[in-house]
Every structure is written in C-alpha cells, then in structure tokens.
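Enquirer: I'll drop the sequence and a predicted model, then ask my questions.
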Amino acid sequence: MAQNAVRLSEEIMKAAINCAPLNSRSVPKQIEHWIKIGKIVEENPDLPYDFIKDAIEAKHEMERGDVSTFKFRKK
C-alpha cells in the first residue's frame, strides 16, 4: 500500500479520532472509510447512504467468506 503524507484539518482529525473507536477502526482506516463512502456517493448520487453502507458491508462479508447459499422455496 502506498503511503503519502496528507495534511488534514484539525476538525477532520478530531472527528476521526472520536469515530474510529466507535467503529472498531484505526484513525487511518476511519479516514479511508469516509473517503471510500464519499467517492461512491459522488459516482452514484442517486444511491441512498444505507444502500452504500450495506453494499460495502456485504463486500467485506464475501471477502471474509462469511456467506451462505440462498435457497429459493418452490411453490
């Protein structure tokens, strides 16, 4: 992973420091999460936030192998 120094406002840093533990993330991971959400929102302005959040969570579940097969009921 590339590492570059980025200057962030004190306000953003305080918010990340406060939010990171609530979401079980490190401060850099919290900032990455916000950037990912912002990028998705800009690219898909019609998608609601909850849909984006659930899609990211589902992707992480798949990457962890935390999935099961859905079986349709026959009528």
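Expert: The structure has been received and is ready for your questions.
Enquirer: quick one, what contacts the most centrally placed residue in the chain?
Expert: Centroid check for the chain by C-alpha atoms, centre = their mean gives residue 33 as the closest residue, at 4.3 Å. Residue 33 sits next to 23, 25 when contact means C-beta atoms under 8 Å, 6 or more residues apart in numbering. From N, CA and C alone the C-beta is placed, and that goes for glycine too.
Enquirer: Please shift the residue numbers so they start at 734 in all later answers.
Expert: Okay, using 734 as the starting number, the last item reads as residue 766.
Enquirer: pLDDT on stretch 754-763, on average?
Expert: Per-residue pLDDT over stretch 754-763 has a mean of 95.
Enquirer: residues near residue 746, how many?
Expert: For residue 746, the neighbour count with other C-beta atoms under 10 Å is 13.
Enquirer: what about it, which SS state?
Expert: Secondary structure, DSSP: H, G, I helix; E, B strand; the rest coil: residue 746 is helix.
Enquirer: Tell me how far it lies from residue 763.
Expert: 10 Å (C-beta to C-beta, to the nearest Å).
Enquirer: got it, and residue 793?
Expert: 15 Å.
Enquirer: between these two, which one's more packed in?
Expert: residue 763 (20 against 10).
Enquirer: in terms of contact, does the more buried one touch residue 755 like I think?
Expert: No - here residue 763 lies out of contact with residue 755, judged by C-beta atoms under 8 Å, at a distance of 9.0 Å.
Enquirer: which neighbours do those two share?
Expert: If you check residue 763 and residue 755 against C-beta under 8 Å, 6+ apart, no residue is contacted by both.
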